[in-house]
Every structure is written in structure tokens, then in C-alpha cells.
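Undergrad: below is the sequence, then the predicted model.
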Amino acid sequence: MTHSILQRSPTRAVLLLGLPLALASFFQAGFNLTEVWVFGQTGDGGASLSGAAVSDMLTAVFALLANGMANAAVAQISRATGAGDEVRAAAAARAVLFVGVILSIGSAFVGILADPLGQVFMSESSRGPGTAFLRIMGIGGVGTVFMVITIGVLRARGDSIVPLILIATVSIATLGLEAAFVLGWFGLDPTGIEAAAWVTVILRILTSIWGFIAVSRSIKLRPPGTRRWVDRRVLREQLSLGFLSAIQQSLRVVGMLALVGLSTWLIAGERGESVFRAMTLWTKIDIPMIMMAMAWGGGAAPVVGMLLGAGRSHDAGRAAWTGAGIAAMAAVVNALLVMLFAPALIGAFVPDDPSVVADTLELLDHVAPFYPLMAMGIAIGFVFNGAGDMRRPLIWDAVLLLVFQGGLAGLLVGTGLMAEGGFFLVLAISGVLQGVVPMWFLKRREWGRRPTIEHVPVA
């Protein structure tokens, strides 16, 4: 049976699947930016905000690992769906749910190790609230992991409406409760960001349960006959693809962590503290652009997979360029909004530290103009994953975000060639390359000539 997505043109298919995901990204981005404002009102000069930002980067490693494994499942499930193979689609869904259990256990260990991680990645003033926040978010990471995985499986089946409802609901509910507890609204006593972590963990667990129910309605998860719950051959294929995608998805966070860590090691005293907080704030302000790019890339990826499964490689290429192009256009709007409203926005986030505001504005002046290129690169990475090609996005992100970005920052700032502004220049150069390099790879795609997923039989 032909999936309804395949009955539309590649452009219309990407729009149909991508628009709800883009709308969901508005809720996520609005939640993240408002949460930054809430945490910035604690009256500690941004210490809680910076601690929570670093905590989010550390726990996001597992969210991105889950996203990488979900990308592998998207490639498998969408290919199988396009080929009409429901048995293989169900086997891939069961395998990624099993992997989610393992990742949840890993996240819990990060929470247990919150204190030593805080010593390495957090400044002295942000370490207290930051490690408390990290402990709760890490141990309760099961909700985040399964929310990401179930949304990925639904995307692979061409369903972006349920993910929109899930994300909108959890974002609005979490934000309202966080504001109530952190700021003391509705007569409550202000309790700091620890309460916000508890709210986030509980609501994400409930949302992941809702997502699992939706998946079970989309795919018949129970294996037929005497077959195992987890098919080993499907799991091995998923792990081989997902491991590469998971590393690639995590590299952006690792690259951010490396730069934030370098800022604390290479710049001493109050100046270093100001740059550290500016860079952690930058990681939050970049989130709307990143989420929108991931939404359009995530919308194009299953379309690419289904079209390849149906043997329509040329249309798969059209779908890939459509997703990347729309992501770039959305990033243009995002860049204009940042450049126009950044002074008021940053001043609202950190009202009691003018030096942090000035450093963050200087950083954004360097980075925001290149948002469209960065967004295209992120979206292209997703469509490569949807095609089952995880290797090339991993290579270009590893070179750009770790070797080049971290190495150039160490050269410019560590050797004294430039002051703290060297970090900002590095981010601008890296932003250009993050778009140009993936576009070059997409132009040379070989999906039609070299299959990236082996259709092994399901035991």
C-alpha cells in the first residue's frame, strides 16, 4: 500500500510534514527563551542561569544520543514504510525503544556524577545551583530520552501532528509551573531552579508515556508468532547507523561545551566570568535557530527515506533541498529578530550585570548574520540521516565543531594572538563553514547509486 506522503510532490510532502514540526519548534524555542528569563530573575547575577545552561548541555548529550538513534530508526522505518514492509518497520520501532532504556540508564549516571562534572564545566559561582539542577535532570532523563524517541518514530510514519501536540502541551505546562515555583507566583514561596528541574522531569515522563501510546497505535509493536521483541539483526543495523548519527548529533553540544570550558581556562578573573556567562547565554539564544533547522530537516528526512524506499532517488534529492532551503529562510527571520531585539532581550535575561550583556551582544553580532548557513547545514545533516547516510555528517561536524572550532579558539586566545573576542571570531568563521561544507556534500549525493541501508530479513 502506498503511503499518503508518497502521493504528493516532494515539496508538498516536506511542507506537510515539516510545518507542524516547525510550529512545535516555536513552542520549544519560546519555552527555552522564557526559561532563560525566569532563571535570570533569581537575583544572583546570572549564576543560576549559567549553571542551568551548562547542565542542559551535559544532559543534552543523552537527548542528542537518543535523537541520533531515533534518526537511525527514522531511516529504517521510513524506508520500510515506503517499500510497504510493515514487519520491518515494527521491528525497527521495537529496537529503538529498547535502546532508549539503555540511554536512560546512562543519563542517570550523569546525574549521580553531578558534583565532579560541575567542578570541571561550571564556574565557581554557578556550581551550587548548577549541580543541583544537573543531578535531578540527569537522574530523571528517562522522560527526555523517550520523548525524543517516540516523536522520532511518529515522524518516520509521516505523523507530525501528534508530536506538535506533545511538544506544545509539555512546553506550556512546564513553563507555567516553573515560573510559579522559581518566581513565587500565585502566592508560592520562590524555591530556585531545583524546583524547575523537578517540574521538567515529571512532565517529560508523562509526555513520553503519551508518546509511547501514540506509537503503539501507529505501529503494531507486538512481534508476530514466536519472534523476539528485539530482532538482533535489525538492532545491529540500527546501532551501526545510530551510533554514527548519535555522535554527530552530540558534536554540536560537545563543541559548545569545549568553547565554554576554554573560556574559563584561558581568561582569568572577572573578565573570564563575564565571557563564560555570555557564552552560556549564547547557547540558549541559538536554540530557536537550531530547533527550526532541526524541524525542517526532521520533516524532510522521513520524506527522503520513504522516496528512497520507493525507488525515487531524484525526488528524494528535491525533498532534501526543499527542507534545507526552508530552514535557511526561517533562519533569516531569526537572525533579523536577534539583531533587532538582542539588546532588550539580553538586558531582560541578565538585568544586573552590564558586562555580560555587552559581551553577549558582541558575540551575537559575530554569529547571527550566519544563521541561514548554519541552519542549512543542520537540516542537510538530518536529510542525510534520513537517507541512512550517517557517516558524512559525522565527518564534517567533527572536523568543523571540534578540530577547527576548538583548535582555532585555542590558537587565537590561548597563545595571546587575540583577547576574548577571538572566541567570537571563531564562531563566525565556523558558522560559514557549517553551511558551505554540507551543501557541497548534498550537491554530490550518491543515494541513487549506493544504498546506505541493507534490507536484512527480519527474523
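TA: On my side now, so go ahead. A quick note: this is a predicted structure, and the numbers were derived from the prediction, not measured. Numbers count the residues shown, from 1 in each chain.
Undergrad: isn't residue 163 right up against residue 149?
TA: No. Applying Cβ atoms under 8 Å as the test, residue 163 and residue 149 come out as separate, 11.6 Å apart. Just so you know, the C-beta spots here come from the backbone N, C-alpha and C atoms, and that holds for glycine as well.
Undergrad: so between those two, which is more surrounded?
TA: Counted by other Cβ atoms under 10 Å, residue 163 and residue 149 do not tie: residue 149 has more neighbours, with 26 against 23.
Undergrad: which residues does the more buried one contact?
TA: 66, 69, 70, 73, 96, 97, 99, 100, 211 (Cβ atoms under 8 Å, 6 or more residues apart in numbering).
Undergrad: if you set the cut-off to 10 Å instead, what comes out?
TA: By Cβ atoms under 10 Å, 6 or more residues apart in numbering, residue 149 lies in contact with 66-67, 69-70, 73, 93, 96-97, 99-100, 103-104, 208, 211-212, 215.
Undergrad: and it, how far is that from residue 348?
TA: From residue 149 over to residue 348 the distance is 35 Å, taken as Cβ to Cβ, to the nearest Å.
Undergrad: repeat that for residue 428.
TA: To residue 348, residue 428 is 25 Å away according to Cβ to Cβ.
Undergrad: ok, residue 162 next?
TA: Separation of residue 162 from residue 348 (Cβ to Cβ): 34 Å.
Undergrad: where in the stretch 251-400 of the chain is pLDDT low?
TA: The model of the stretch 251-400 of the chain has pLDDT under 70 over residues 263-273, 349-353.
Undergrad: tally up the residues packed near the closest residue to residue 319 other than its chain neighbours, please.
TA: Spatial nearest neighbour of residue 319, excluding adjacent residues (Cβ to Cβ, 6 or more residues apart in numbering): residue 10 at 3.9 Å. Applying other Cβ under 10 Å, we find 24 residues neighbouring residue 10.
Undergrad: residue 10 contacts residue 304, doesn't it?
TA: Yes. Residue 10 is within contact range of residue 304, at 8.6 Å (criterion: Cβ atoms under 10 Å).
Undergrad: what sits in contact with each of these two?
TA: Shared contacts of residue 10 and residue 304 (Cβ under 10 Å, 6+ apart): 312, 315, 316, 317, 318, 319, 320, 322, 323.
Undergrad: so which of the residues you listed are in helices?
TA: In this view, the shared contacts of residue 10 and residue 304 that belong to helices under DSSP state H are 315, 316, 317, 318, 319, 320, 322, 323.
Undergrad: tell me how far the third one lies from residue 58.
TA: Computed with Cβ to Cβ, the distance linking residue 317 and residue 58 is 37 Å.
Undergrad: could you find the closest non-adjacent residue to the spatially most central residue of the chain?
TA: Geometric centre of the chain, nearest residue: residue 64, 5.8 Å, by Cα atoms, centre = their mean. Nearest residue to residue 64, sequence neighbours excluded (Cβ to Cβ, 6+ apart): residue 249, at 4.1 Å.
Undergrad: residues near that neighbour, how many?
TA: Counted with other Cβ under 10 Å, the neighbours of residue 249 add up to 30.
Undergrad: mind checking the SS state of it?
TA: Of the three states, residue 249 takes helix under DSSP: H, G, I helix; E, B strand; the rest coil.
Undergrad: list the contacts of it.
TA: By Cβ under 10 Å, 6+ apart, the contact list for residue 249 reads 60-61, 63-71, 242, 294, 378, 381-382, 385, 390, 393-394, 397.
Undergrad: try 8 Å this time
TA: 64, 65, 67, 68, 71.
Undergrad: just put the residues you listed in CSV and tack on distance to residue 373, secondary structure and pLDDT.
TA: Below are the contacts of residue 249 laid out as CSV (distance: Cβ to Cβ, whole Å; DSSP: H, G, I helix; E, B strand; the rest coil; pLDDT from 0 to 100):
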residue, distance to residue 373, secondary structure, pLDDT
64, 21, helix, 79
65, 26, helix, 82
67, 22, helix, 82
68, 23, helix, 83
71, 22, helix, 86
